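Chemist: 3D model of this:
(chains A and B)
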Amino acid sequence: MSRTLRVVGAVLLLAASACAVVRPHQREHLARRSMTQDRDAGESRFRQHSAGAREGADGGTGEPGGGCGCN
Amino acid sequence: MRGLAVAIAVLAIASGATARADGEITLRGVYYKEHATRVEQPMVDGTFDAGDNATVDAHVLVDAITSASAGATADGSAFSERRWEAGLGYTRNLGAWRAGAAGRISTESDYDSWFASGRIARDLADKNTTIALGFGAGRDHITNAGAKGPFAPDISEHLVALMGTASLTQILSTNALASVTYDLGILDGYLENPYRTVITADGLVGERVPQRRTRNAVAALVRNYFPSTETTLIASYRYYRDGWGVHAHTPEVRVVQQAGDGLAFGAGFRYYRQTRASFWKPTYPSSDPAMEPFLTDDPKLSAFTGATMTMRFEVEGSVFGFSGLLGAMRGEAIVEYAVQHNRFGNAGVGHVALTVPFEY
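Modeler: Numbering: from 1, shown residues only, chains lettered A, B, ... in the order given. Below you'll find the predicted structure:
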């Protein structure tokens, strides 16, 4: 895990150092629905719940899963 | 339905807290079908401004599950069950900081659960970078009230869940952004399914798994918008591993194509691959704890692959000539097919949703 984290961190640092500062008036495209949340909260919640009931993996969304008798 | 009415009343009270603000309510229905299980899930989600610098979000849903799974009941018969869930969250903007708290409860005949979480986020570099940290804790109460059997008489157990999360979101250009999220989850307590049995040389016995499971997940996501074609490409990848020996890779690609004002189509492909838990076996040579401390044939803990194909369609009220809030109403339909190379088998999923914005 630590090696994975180091690789992800290095990629992010490289990516961040390569980007230009985007001013608020330049964020028209970034404000589009498809660029912010192309999935509603209810859709995301159902996906996480159903995946948690059918797959061994969980997480990576920043949101808690589980909460049901689907162990 | 009483839960839905209570939730709507709570949302209405919350919405009355300010003189004029914005909000939206989404009504969604989901249908999930695989060869032995059917799930119908209606839900209501609401988001409301609460003053100038805060939002309240809430949801309520019902899971209506019908399963013919032989492991679901003691006598192997089909069962039907309803699970109710409600959640409430509050987020406040504090300049470059945002802080929020959320809670969720879930109840069904044999499983009650609550979970509370807090989150803080900080914008940096003129809001080009956002870092966020979160922490949550919950407690579940598990019984076998649904079907007491010879392998699990009168179970009443608890499970404690702890979660920590950290994320970084970075704007890469006027058309691209990326994020990475790390989640740590610790489950401590009763992690068995009280109805699941395992084939051993000594006969059928109840499932037996470790009392603790530590889960790690790292996910990265990139979104890129192509103005010339009004296309958004979303690519993500998640790596997961836990203390039971399960490793999983989940790459996913989604495309959203704008087809004029208020009309969009989408398609997605998600691949999933996992290794088995270190103690998983299809059958066990012994049920003796000294030889086999843990026993499970849970398909979720076996090695398998899967793939999910998604098609979606979104339309806004403006396409039909409405204006104002009616024009901003959004309808959505999603059709999905999941290939699961395990005992669960393939599944089909359908969503329909209507989002209604309003002012108050």
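
Chemist: distance between stretch B:308-319 and the chain's centre?
Modeler: When C-alpha coordinates are averaged (Cα atoms, centre = their mean, to the nearest Å), stretch B:308-319 and its chain have centres 21 Å apart.

Chemist: if I look at whatever residue of the stretch 1-150 of chain B ends up closest to chain A, how far off is B:Gly331?
Modeler: Using Cβ to the nearest Cβ, B:Tyr111 is the residue of the stretch 1-150 of chain B that sits closest to chain A, at 3.5 Å. All C-beta spots, glycine's among them, are computed from the backbone N, C-alpha and C. Using Cβ to Cβ, to the nearest Å, one obtains 34 Å as the distance from B:Tyr111 to B:Gly331.

Chemist: show me where the stretch 101-250 of chain B has strands.
Modeler: Secondary structure of the stretch 101-250 of chain B (DSSP state E, counting those that start in this stretch): strands at B:111-124, B:129-143, B:156-173, B:176-189, B:197-200, B:203-206, B:212-226, B:231-242, B:247-258.

Chemist: Nearest to B:Glu336, out of those?
Modeler: The closest of the strands of the stretch 101-250 of chain B to B:Glu336 is strand B:247-258. By Cβ to Cβ, the value is 11.9 Å.

Chemist: Buried residues, that closest one. List them.
Modeler: Buried residues in strand B:247-258, counted by 16 or more other Cβ atoms under 10 Å in any protein chain shown: B:Ala248, B:Thr250, B:Glu252, B:Arg254, B:Val255, B:Val256, B:Gln258.

Chemist: repeat for stretch B:103-116
Modeler: B:Arg104, B:Ile105, B:Ser106, B:Thr107, B:Glu108, B:Asp110, B:Tyr111, B:Asp112, B:Ser113, B:Trp114, B:Phe115.

Chemist: Leaving out sequence neighbours, find the closest residue to the first one.
Modeler: Among residues not flanking B:Arg104 along the chain, B:Gly87 sits closest, at 3.9 Å (Cβ to Cβ, 6 or more residues apart in numbering or on different chains).

Chemist: ok so the one you found is a strand residue?
Modeler: Yes. Counting by DSSP: H, G, I helix; E, B strand; the rest coil, B:Gly87 is found in a strand.

Chemist: Could you tell me the per-residue confidence at it?
Modeler: On pLDDT, B:Gly87 comes in at 96.

Chemist: just the one 4 residues further on next, same as before
Modeler: Looking at B:Thr91, its pLDDT reads 97.

Chemist: Serialize the buried residues of strand B:247-258 to CSV and add fields for pLDDT and distance to chain A.
Modeler: Converted to CSV, those look like this (pLDDT from 0 to 100; distance: Cβ to the nearest Cβ, whole Å):
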residue, pLDDT, distance to chain A
B:Ala248, 98, 4
B:Thr250, 98, 7
B:Glu252, 98, 10
B:Arg254, 98, 7
B:Val255, 98, 9
B:Val256, 98, 4
B:Gln258, 97, 8
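
Chemist: For the chain, which residues score under the pLDDT cut-off?
Modeler: All of this refers to chain A. For chain A, the stretches with pLDDT under 70 are A:1-2, A:4-5, A:8-9, A:11-19, A:65-71.

Chemist: not quite, I wanted chain B
Modeler: B:1-20, B:69-77, B:147-152.

Chemist: repeat that with 80
Modeler: Applying pLDDT under 80 to chain B picks out residues B:1-21, B:68-79, B:146-153.

Chemist: Domain ranges for it, per the record?
Modeler: Chain B breaks down by automatic domain parsing into domains covering B:1-86, B:95-195, B:222-360.

Chemist: Now render those as CSV, adding distance to A:Gly42.
Modeler: Output for those, formatted as CSV (distance: least, Cβ to Cβ, whole Å):
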stretch, distance to A:Gly42
domain B:1-86, 4
domain B:95-195, 13
domain B:222-360, 7
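
Chemist: do you know which of those lies nearest A:Arg32?
Modeler: Here domain B:222-360 is closest among those (Cβ to Cβ), at 6.4 Å.

Chemist: what separates that closest one from the chain centre, distance-wise?
Modeler: On the basis of Cα atoms, centre = their mean, domain B:222-360 sits 10 Å off its chain's mean C-alpha point.

Chemist: gap between the nearest residue to B:Ala96 once chain neighbours are set aside and B:Ser173?
Modeler: Excluding its sequence neighbours, the residue lying closest to B:Ala96 (Cβ to Cβ, 6+ apart) is B:Asp123, at 4.6 Å. Remark: distance between B:Asp123 and B:Ser173 (Cβ to Cβ) = 18 Å.

Chemist: now A:Gln48
Modeler: Distance from A:Gln48 to B:Ser173, by Cβ to Cβ: 29 Å.

Chemist: More neighbours: these two, which one.
Modeler: Legend: neighbour count by other Cβ atoms under 10 Å in any protein chain shown for A:Gln48 and B:Ser173, higher for A:Gln48 (18 against 15).

Chemist: Can you give me the neighbour number for B:Ile142?
Modeler: By other Cβ under 10 Å, 22 other residues sit near B:Ile142.

Chemist: The closest residue in space to B:Glu85 that isn't next to it in sequence bridge partners, please.
Modeler: Closest residue in space to B:Glu85, ignoring its immediate chain neighbours: B:Ser106 at 4.3 Å, by Cβ to Cβ, 6+ apart. On the basis of DSSP bridges, B:Ser106 is bridged to B:Glu85, B:Ser113.

Chemist: go on, B:Arg241?
Modeler: Beta-bridge partners, per DSSP bridges, of B:Arg241: B:Asn216, B:His247.

Chemist: Double-check it against B:His249; I have them as touching.
Modeler: No. Counting by Cβ atoms under 8 Å, B:Arg241 does not reach B:His249; the two are 10.1 Å apart.

Chemist: B:Tyr31: which of the buried residues of stretch B:103-116 is nearest?
Modeler: So of the buried residues of stretch B:103-116, ranked by how close each gets to B:Tyr31 (Cβ to Cβ), first place is B:Glu108, at 18.9 Å.

Chemist: show me where the stretch 251-360 of chain B has helices.
Modeler: In the stretch 251-360 of chain B, the helices defined using DSSP state H, counting those that start in this stretch lie at B:324-328.

Chemist: can you list the residues of it near chain A?
Modeler: Taking Cβ under 8 Å from any Cβ of the partner chain as the contact definition, the stretch 251-360 of chain B meets chain A at B:254, B:256, B:258, B:264, B:266, B:272, B:274, B:277, B:298-301, B:306, B:332, B:334, B:340, B:344, B:347, B:349, B:351, B:353, B:355.

Chemist: at 6 Å instead, please
Modeler: Residues of the stretch 251-360 of chain B lying close to chain A by Cβ under 6 Å from any Cβ of the partner chain are B:Val256, B:Gln274, B:Lys300, B:Leu301, B:Phe344.
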